[in-house]
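Enquirer: Need a 3D model of the sequence below.
(one chain, ligands or ions: 1)
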Amino acid sequence: MIGHYFGGWPADDAATERFARNLPFERVHAAFDGEAIVGGAGAFPFQLTVPGGPLACAGVTVVGVLPTHRRRGILNALMREQLDDVRRRGEPIAALWASEEGIYRRYGYGMAALGAEMTLPRGHHALRPPADGDTTVRLVSLQDAKELLPPIYDRVRLRTAGMYERSATWWESRQLDDPPDRREDGAAKNVAVVEHGGRPAAYALYRVVSKWEAAANVGHVRVIEAMGDDGAELELWRYLLGVDWISTFRADHLPVDHPLVHALVNPRRAVLRLYDTLFVRLVDVGAALSARSYAGEEPLVLEVADTFLPGNAGRWRIAGGVAGRTDDEADLALDVNEVGSLYLGGFGASELVRAGLVRELREGAAARADVLFATPRKPWCPEIF
Ligand SMILES: CC(C)(COP(=O)(O)OP(=O)(O)OC[C@H]1O[C@@H](n2cnc3c(N)ncnc32)[C@H](O)[C@@H]1OP(=O)(O)O)[C@@H](O)C(=O)NCCC(=O)NCCS
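Expert: The predicted structure follows:
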């Protein structure tokens, strides 16, 4: 049914089995018309990094309603059931990638992170800092990658808000799976690992899509996922941008504060398209605000509106890293969506005030909130789920 409402997923047993391995049956809601399933919504039980460390989070996925049953309130009913269930399970937040970004605001989700898609023509790929002589690159098999990649990913994940823990099954059935029918123009997945001082420190999953026109190469390198320790990450990109016999480098879902922007000798040749990636919904505002760390000590009072989960509405005081109900005068008034936008550090209160989405009730309050919610890195979610 999920394959049907997403219009054209391969619904064969192998694809269904691969997908189901990561999504616990009890985390899928279905809408019924009599005996027939006509819609559904799932949630991966994630540990999502928020500022300060990992937090239980419902990773909302495969939401849809059959074309025969749309516009009758089925999505509303599914979202209500799902968020109630998430709250009962004690997950303070939910997160999702929206196939259509206009749908989820009414359920309290707010845009929490941006991503960048990069297109860079070959010939403008020089990097400014000299190469680190202590690094080497080797190509490894998807089999060997099962051991080598997860520790690198975990180091990046734990320092980056917006990333979630991956099980061995997740790695096997998603990143390290390469069924021929899902290859771009038949190009197989490659895995490159950068070693720094003899230790695996960065990796890339990528395809080399080879094409020729009038004897000239018009192919591209598609970077699926690339990350690593600081320093080693740049050496990884030096390797990727050195792949020959192609005309363009393409990468999706890069972090918006990627060091490449500074390292490229000609950064303007890299065409970066920004787009919304992760949306966050604070399901339990008090628990969620208390679960993240803050970059300041000064207390802040938020007047939060939440029409879909009214139990969250009211005045919340953040002080000493803990959020509690208060009768104190509020500093900022905002919908729960905007608390989601602030939550991972992707956006500041001041920019949301300028966008007309947050009201400053006391002078200087937005600047104080900017400091409080600030994080050293922008949130990043490298994978659609
Ligand atoms: C989007 C989809 C889930 C809506 O399901 P539905 O049962 O028709 O939705 P409902 O009747 O419950 O409507 C819920 C609300 O969303 C609004 N809505 C529905 N589809 C929308 C869309 N494509 N864009 C923006 N708003 C939409 C409705 O107007 C309604 O708003 P209201 O409650 O404020 O009046 C369904 O059309 C679908 O499955 N589409 C294809 C798959 C998809 O896009 N999935 C979601 C992305 S992960």
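Enquirer: Can you name the residues of the stretch 51-200 of the chain sitting close to the ligand?
Expert: Proximity of the stretch 51-200 of the chain to the ligand, by CB under 6 Å from any ligand atom, involves residues 63-65, 70-76, 98-100, 102-103, 106. C-beta coordinates here come from the backbone N, C-alpha and C atoms, glycine included.
Enquirer: Among those residues, name the ones in strands.
Expert: 63-65 (DSSP state E).
Enquirer: Out of those, flag the one nearest to L302.
Expert: The closest of those to L302 turns out to be V63 (CB to CB; 28.2 Å).
Enquirer: Filter the ones in strands among the residues of the stretch 51-200 of the chain next to the ligand down to the buried ones.
Expert: For these, a burial check counting by 16 or more other CB atoms under 10 Å picks out 63-65.
Enquirer: would you turn the ones in strands among the residues of the stretch 51-200 of the chain next to the ligand into JSON lines with pLDDT?
Expert: Converted to JSON lines, those look like this (pLDDT from 0 to 100):
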{"residue": "V63", "pLDDT": "96"}
{"residue": "G64", "pLDDT": "95"}
{"residue": "V65", "pLDDT": "95"}
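Enquirer: Columns distance to G314 on top of those residues, output as JSON lines?
Expert: Formatted as JSON lines, those follow (distance: CB to CB, whole Å):
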{"residue": "V63", "distance to G314": "28"}
{"residue": "G64", "distance to G314": "33"}
{"residue": "V65", "distance to G314": "33"}
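Enquirer: Quick check, the residue in the stretch 151-300 of the chain closest to the ligand?
Expert: Residue nearest to the ligand within the stretch 151-300 of the chain (CB to the nearest ligand atom): F279, separated by 10.2 Å.
Enquirer: so that residue bridges to which residues?
Expert: With DSSP bridges as the criterion, F279 is bridged to L96, M111.
Enquirer: Kindly confirm whether my reading is correct that it touches E100.
Expert: No: at 11.5 Å, F279 does not count as touching E100 under the criterion of CB atoms under 8 Å.
Enquirer: which residue sits closest to H124 in space, ignoring its chain neighbours?
Expert: Excluding its sequence neighbours, the residue lying closest to H124 (CB to CB, 6 or more residues apart in numbering) is R269, at 3.6 Å.
Enquirer: Was I right to think that neighbour contacts R122?
Expert: No: with contact defined as CB under 8 Å, R269 does not reach R122; the gap is 10.1 Å.
Enquirer: of those two, who's got more company?
Expert: R122 (18 against 14; other CB atoms under 10 Å).
Enquirer: give me the element V339 is part of.
Expert: helix 336-343 (DSSP states H and E).
Enquirer: Is that helix positioned near the ligand?
Expert: No: Helix 336-343 stays clear of the ligand (CB under 6 Å from any ligand atom), getting no nearer than 13.9 Å.
Enquirer: after that helix, next one along is what?
Expert: helix 349-354.
Enquirer: Mind giving me the packing neighbours of that next one?
Expert: Here helix 349-354 touches helix 336-343, strand 358-360, helix 365-373, going by 3 or more CB pairs under 8 Å, 6 or more residues apart in numbering; DSSP states H and E.
Enquirer: Just name the most buried of these.
Expert: Stretch with highest mean neighbour count among the helices and strands packed on helix 349-354: helix 336-343 (a mean of 26; mean count of other CB atoms under 10 Å).
Enquirer: Average pLDDT for that helix, rounded please.
Expert: Here helix 336-343 scores 98 as its mean pLDDT.
Enquirer: and it with helix 365-373, angle?
Expert: Orientation check (axes from the mean of the first three to the mean of the last three CA atoms, to 10 degrees): helix 336-343 against helix 365-373 gives 50 degrees.
Enquirer: Quick one: list the elements packing against helix 336-343.
Expert: Right, helix 336-343 is packed against strand 110-111, strand 278-282, helix 285-291, strand 300-305, helix 349-354, helix 365-373 by 3+ CB pairs under 8 Å, 6+ apart.
Enquirer: Please enumerate residues in contact with the second one?
Expert: Spelled out, that is strand 278-282. 83, 92-98, 101, 104, 107-113, 162, 288-289, 312, 336, 339-341, 343-344, 379, 381 (CB atoms under 8 Å, 6 or more residues apart in numbering).
Enquirer: change it to 7 Å
Expert: If you take CB atoms under 7 Å, 6 or more residues apart in numbering as the criterion, strand 278-282 is touched by 92-98, 104, 107-113, 162, 288, 312, 336, 339-340, 343-344, 379, 381.
Enquirer: Tell me how far E329 lies from the ligand.
Expert: 32 Å (CB to the nearest ligand atom, to the nearest Å).
Enquirer: Now do the contacts for the closest residue to that residue other than its chain neighbours.
Expert: The spatially closest residue to E329, leaving aside those adjacent along the chain, is V301, at 6.6 Å (CB to CB, 6+ apart). Counting by CB under 7 Å, 6+ apart, V301 makes contact with 315, 317, 326, 328-331.
Enquirer: Could you rerun that using 10 Å?
Expert: Contacts for V301 (CB atoms under 10 Å, 6 or more residues apart in numbering) come out as 315-319, 323, 326-333, 361-362, 365.
Enquirer: What separation is there between it and A355?
Expert: 21 Å (CB to CB, to the nearest Å).
Enquirer: Over to G73?
Expert: Using CB to CB, we find G73 at a distance of 30 Å from A355.
Enquirer: between the strand ranked longest in the chain and strand 278-282, how many degrees?
Expert: Taking DSSP E as the criterion, the chain has its longest strand at strand 36-50. Using the same axes, to 10 degrees, the inter-axis angle of strand 36-50 relative to strand 278-282 is 90 degrees.
Enquirer: Strand 36-50 packs against which elements?
Expert: When contacts are defined as 3 or more CB pairs under 10 Å, 6 or more residues apart in numbering; DSSP states H and E, strand 36-50 sits against helix 2-5, strand 28-33, strand 53-65, helix 74-88, strand 93-97, helix 142-159, strand 278-282.
Enquirer: Most tightly packed of the ones you listed?
Expert: strand 278-282 (a mean of 28).
Enquirer: In contact with L344, which residues are there?
Expert: Here L344 is in contact with 48-51, 93, 95, 112-113, 160-162, 278, 280, 292, 373, 375, 378-381 (criterion: CB under 10 Å, 6+ apart).
Enquirer: Nothing else from me, thank you.
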